[in-house]
Structure formats: structure tokens, C-alpha cells
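Enquirer: sequence-free structure coming up:
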């Protein structure tokens, strides 16, 4: 089909080795697969295509779609622009640290360079 780079069944992306596959499309689909919540078929759009008529996304494996600004604003946040790599996965741990809630994650990290004062997450 036009606009489709690949399609995988749930069995294909949940199989042993799919998360380390040399096929970048299959690996991305496997890393995003969540049993019980993901569909029975995972469709990967071609580069520069979206699969929605109502909105855009930041969910494809393509670099242009994964690089988005991360902005913090409010009490406890230092004014400025920081030229360090950040990820949307950094948002939850950073907000948790700002309000003093312990937060464990395998993705993302606290963006301490944006804190106006030292924050303890103990």
C-alpha cells in the first residue's frame, strides 16, 4: 500500500530477538510493542508519511519525527536555553524531581541543568 513501509504481526514483534533485529523497522516496532495494548498488526509508515487524517505525531522511527523541543516553565525552573540533548522521556523524571517525588525510569533522566535551585529526589 502507498505510504506503508512495513507491517508486522504481534507475534513477529514479540518473538525472541525482534528487539535486537538488524531490520531497523522491525526493531522499532518491537521496541514499541506492548502486549495487551498494542494491536494485532503493527503498521510502520514510510518516511514523511503520517497515518492520520486529523493530526500529526512524533511517534515514528525517523529522526525528523523524534527531535522535538522539550520546554520547562514555572517555579523552580531556571530561565535560559540549554544546548544539551533532551528527550520527551526526560519530562516525567524532571517534573517528578521538581515536586520532590521519587521516580524510577529506564528511559529519560532529570534535566537538572534547568533547575533554578538544587533539587533532592531522595
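Expert: Now that the structure is in, tell me what you want to look at. All values derive from a computational prediction rather than experimental measurement.
Enquirer: ok, then the element right after the helix or strand bottoming out on mean pLDDT in the chain?
Expert: Within the chain, no helix or strand scores below helix 63-66, which has a mean of 77 by mean pLDDT, DSSP states H and E. As assigned by DSSP states H and E, the chain's next helix or strand after helix 63-66 is helix 91-98.
Enquirer: picking up where we left off before, what comes up buried for the least confident helix or strand of the chain?
Expert: Under the neighbour-count criterion of 16 or more other CB atoms under 10 Å, helix 63-66 has residue 65 buried. Using the backbone N, CA and C atoms, a C-beta is placed for each residue, glycine as well.
Enquirer: so how far is it from its chain's centroid?
Expert: How far helix 63-66 lies from its chain's middle: 10 Å, per CA atoms, centre = their mean, to the nearest Å.
Enquirer: just say helix, strand or coil for residue 109.
Expert: Secondary structure assignment for residue 109 (DSSP: H, G, I helix; E, B strand; the rest coil): coil.
Enquirer: hmm, residue 90 and it touching each other?
Expert: Yes: between residue 109 and residue 90 there is a contact at 5.9 Å, judged by CB atoms under 8 Å.
Enquirer: could you list the domains of the protein?
Expert: For the chain, automatic domain parsing gives the domain ranges 4-63, 69-122.
Enquirer: for those, which has the smallest mean pLDDT value?
Expert: Ranked by mean pLDDT, these bottom out at domain 69-122, with a mean of 84.
Enquirer: name the element residue 59 belongs to?
Expert: Here residue 59 sits in a region with no helix or strand, counting by DSSP H and E.
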